[in-house]
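Student: Requesting a structural model of the entry that follows:
(2 chains)
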Number of protein chains: 2
Amino acid sequence: MVVKVYGPAYASAARRVLACLIEKEVEFEMVPVDLIGGEQKKPEYLKLQPFGMVPVVQDGDFSLYESRAILRYYAEKYAAQGTNLLGKNLEERAQVEQWLEVEGQNYQPHIYTLVLQLLFFPKMGKTADEKTVKENEEKLAQVLDVYEERLSKSKYLAGDFFSLADLSHLPFTHYLVNAMDKAYLIKDRKHVNAWWEDISNRPSWKKVLEF
Amino acid sequence: MVVKVYGPAYASAARRVLACLIEKEVEFEMVPVDLIGGEQKKPEYLKLQPFGMVPVVQDGDFSLYESRAILRYYAEKYAAQGTNLLGKNLEERAQVEQWLEVEGQNYQPHIYTLVLQLLFFPKMGKTADEKTVKENEEKLAQVLDVYEERLSKSKYLAGDFFSLADLSHLPFTHYLVNAMDKAYLIKDRKHVNAWWEDISNRPSWKKVLEF
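Tutor: Numbering: from 1, shown residues only, chains lettered A, B, ... in the order given. Next comes the predicted model:
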């Protein structure tokens, strides 16, 4: 059964799911959703995703949304196939979950705000709010200081293995490094930068960017 | 081995963990952290939790932070003991994960902002920002409209079983209903209100509130 992924392949949360499916060697096909035309707020789509967001996966009769929930489902369903993304035991999985929560709760809010304000606002003809940018840049820097310390002791966030926790950082960090003048936040931190070079050069991520 | 939970028992994220440990019949003891005195930002504590937040659990040599990661760890470690909080198969667990992500990403940001502005700001001698309150109240109402629809079809968020997804809503919703003039957001929605009456009357939650 080919997994259907609803959403434009360029959407950050969809990219997170695609990277996971490729790492797990799961066949998928994209079902386009026209975000600019507002298709995600139409009744037909809201039946699949009541909050009007992408992505959604459909796998036979089963459908699921929230990108990080989708990551966990496929990482566990195909535990023995492709890259192991959850660690080898309960304690390693707990470390994966801890850093996946750090990504969702501590990293994402600040980096999302920066990307919104500095990358998407100009495209929408809106002006970034300087105070908001400054605050979120400072908070993201503090989070990255913790990452720098952590990554000086283990190669990846959850330990010496690449996991969902690292993978989940790819889409927004890609914007930060490649599409804005804030790459220094990553580049100026030796261990964070080495980690970024490693995870962003994985074949799965390069393939996601080709879509 | 008795699990040590660092944090004041009144902290919302600590309450989330305590409710889970009680449901899973896991023995624990509290290790007080003096948040008002700033103990969570001291070097000794930052070794346990580098972001300076509570709670942390210590379980023998193993320690873990991020409340939702702790929930998952104990729900899985003691799968056969106490209440089953993860569902009976991968697809049920995926639904639990989906709604736990909805709680963390869609519900928590708005309810946290309301609690901060309307409950904690006055105690700190600060004034709530009217625009921020209005925006977050509207967004929370929209999220709760989706919950109302969902809960008209299943007794709990992930299906007809109480799970981590429901449990994770307890601490902040408790404030909303009992400590602010915003209870109407829950009370005026028939199915959300019935769900709230159910989950907030669980013996585990009543015990948490006694600490």
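
Student: doesn't residue A:99 make contact with residue A:68?
Tutor: No - in terms of C-beta atoms under 8 Å, residue A:68 does not count as a neighbour of residue A:99; the distance is 11.6 Å. Heads up, the C-betas are built off the backbone N, CA and C, glycines and all.

Student: Could you show which parts of chain A are in contact with chain B?
Tutor: For chain A, the contact set with chain B under C-beta under 8 Å from any C-beta of the partner chain comprises A:50-51, A:62, A:64-66, A:68-70, A:72-73, A:76-77, A:90-91, A:93-95, A:97-98, A:100-102, A:104-106, A:109, A:143, A:146, A:149-150.

Student: What segments of chain A are helices?
Tutor: In chain A, helices defined by DSSP state H lie at A:12-23, A:43-46, A:67-77, A:90-102, A:108-115, A:121-123, A:130-151, A:164-167, A:170-178, A:184-187, A:190-200, A:203-210, listed in chain order.

Student: Just name the most buried of those.
Tutor: Across those, averaging neighbours per residue (mean count of other C-beta atoms under 10 Å in any protein chain shown) puts helix A:164-167 on top, at a mean of 26.

Student: Kindly export that helix (C-alpha atoms) in CSV.
Tutor: Presented in CSV, the C-alpha positions along helix A:164-167 are these (Å, rounded to 0.1, in the frame of the first residue of the first chain):
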residue,chain,number,x,y,z
LEU,A,164,13.6,11.5,14.9
ALA,A,165,14.9,14.2,17.2
ASP,A,166,17.5,15.3,14.8
LEU,A,167,15.4,14.7,11.7
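
Student: now for that helix, which elements pack on it?
Tutor: Helices and strands touching helix A:164-167, as assessed by 3 or more C-beta pairs under 8 Å, 6 or more residues apart in numbering or on different chains; DSSP states H and E, comprise helix A:12-23, helix A:67-77, helix A:90-102, helix A:190-200.

Student: and of these, who's closest to residue A:1?
Tutor: When these are ranked by proximity to residue A:1, the top entry is helix A:67-77, at 11.6 Å, counting by C-beta to C-beta.

Student: Can you name every helix or strand that the closest one contacts?
Tutor: helix A:12-23, helix A:164-167, helix B:90-102.

Student: out of these, nearest to residue A:126?
Tutor: Between residue A:126 and the helices and strands packed on helix A:67-77, the tightest spacing by C-beta to C-beta is seen for helix A:12-23, at 18.9 Å.

Student: gap between residue A:25 and chain B?
Tutor: 18 Å (C-beta to the nearest C-beta, to the nearest Å).

Student: go on, residue A:178?
Tutor: With the distance defined as C-beta to the nearest C-beta, residue A:178 ends up 25 Å from chain B.

Student: And for residue A:172?
Tutor: Between residue A:172 and chain B the computed distance is 14 Å (C-beta to the nearest C-beta).

Student: The helices and strands packed on helix A:67-77 into TSV, with extra columns for distance to residue A:206 and mean pLDDT?
Tutor: Shown next, in TSV, are the helices and strands packed on helix A:67-77 (distance: least, C-beta to C-beta, whole Å; pLDDT from 0 to 100):
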stretch	distance to residue A:206	mean pLDDT
helix A:12-23	10	98
helix A:164-167	13	98
helix B:90-102	27	98
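
Student: which residues touch residue A:96?
Tutor: When contacts are counted by C-beta atoms under 8 Å, 6 or more residues apart in numbering or on different chains, residue A:96 is found next to A:85-87, A:158, A:163-165.

Student: Now do the lowest-mean-pLDDT helix or strand in chain A: distance to the chain's middle.
Tutor: Evaluated with mean pLDDT, DSSP states H and E, the helix-and-strand set of chain A has its lowest mean pLDDT in helix A:121-123, which scores a mean of 92. Its chain's C-alpha centre and that of helix A:121-123 lie 21 Å apart, by C-alpha atoms, centre = their mean, to the nearest Å.

Student: Residues touching it, excluding its own?
Tutor: Applying C-beta under 8 Å, 6+ apart, the contact partners of helix A:121-123 are A:127-128.

Student: mind running it again at 10 Å?
Tutor: With C-beta atoms under 10 Å, 6 or more residues apart in numbering or on different chains as the test, helix A:121-123 has contacts from A:115, A:127-129, A:133.

Student: residue farthest from the centroid of chain A?
Tutor: Outermost residue of chain A with respect to the C-alpha centroid, by C-alpha atoms, centre = their mean, is residue A:43; its distance is 26.8 Å.

Student: Quick check: that residue vs residue A:76, distance?
Tutor: Distance, residue A:43 to residue A:76, by C-beta to C-beta, to the nearest Å: 32 Å.

Student: Residue A:66 now?
Tutor: Per C-beta to C-beta, residue A:66 is found 15 Å from residue A:76.

Student: The closest residue to residue A:176 other than its chain neighbours: neighbour count?
Tutor: Leaving aside its chain neighbours, residue A:176 sits nearest to residue A:182 (5.4 Å; criterion: C-beta to C-beta, 6 or more residues apart in numbering or on different chains). Residues contacting residue A:182 under the criterion other C-beta atoms under 10 Å in any protein chain shown number 20.

Student: you'd agree residue A:182 is up against residue A:138?
Tutor: No - Residue A:182 sits out of contact with residue A:138 when judged by C-beta atoms under 10 Å, with a separation of 11.9 Å.

Student: Identify the residues contacting the most centrally placed residue in chain A.
Tutor: Central residue check for chain A by C-alpha atoms, centre = their mean: the C-alpha nearest the mean position is that of residue A:168, 3.5 Å away. Listed by C-beta under 10 Å, 6+ apart, the contact set of residue A:168 reads A:13, A:16, A:19-20, A:67-68, A:71, A:96, A:99-100, A:102-104, A:107-108, A:157.

Student: which phi and psi does it have?
Tutor: phi -70, psi -20 (degrees, to the nearest 10).

Student: Name the nearest residue to it, sequence neighbours excluded.
Tutor: In space, residue A:168 comes closest to residue A:103 once its chain neighbours are excluded; the distance is 4.8 Å by C-beta to C-beta, 6+ apart.

Student: and the gap between that neighbour and chain B?
Tutor: Applying C-beta to the nearest C-beta, one obtains 10 Å for the distance of residue A:103 from chain B.

Student: isn't residue A:174 right up against residue A:119?
Tutor: No - counting by C-beta under 10 Å, residue A:174 sits too far from residue A:119 to count as a contact (11.1 Å).
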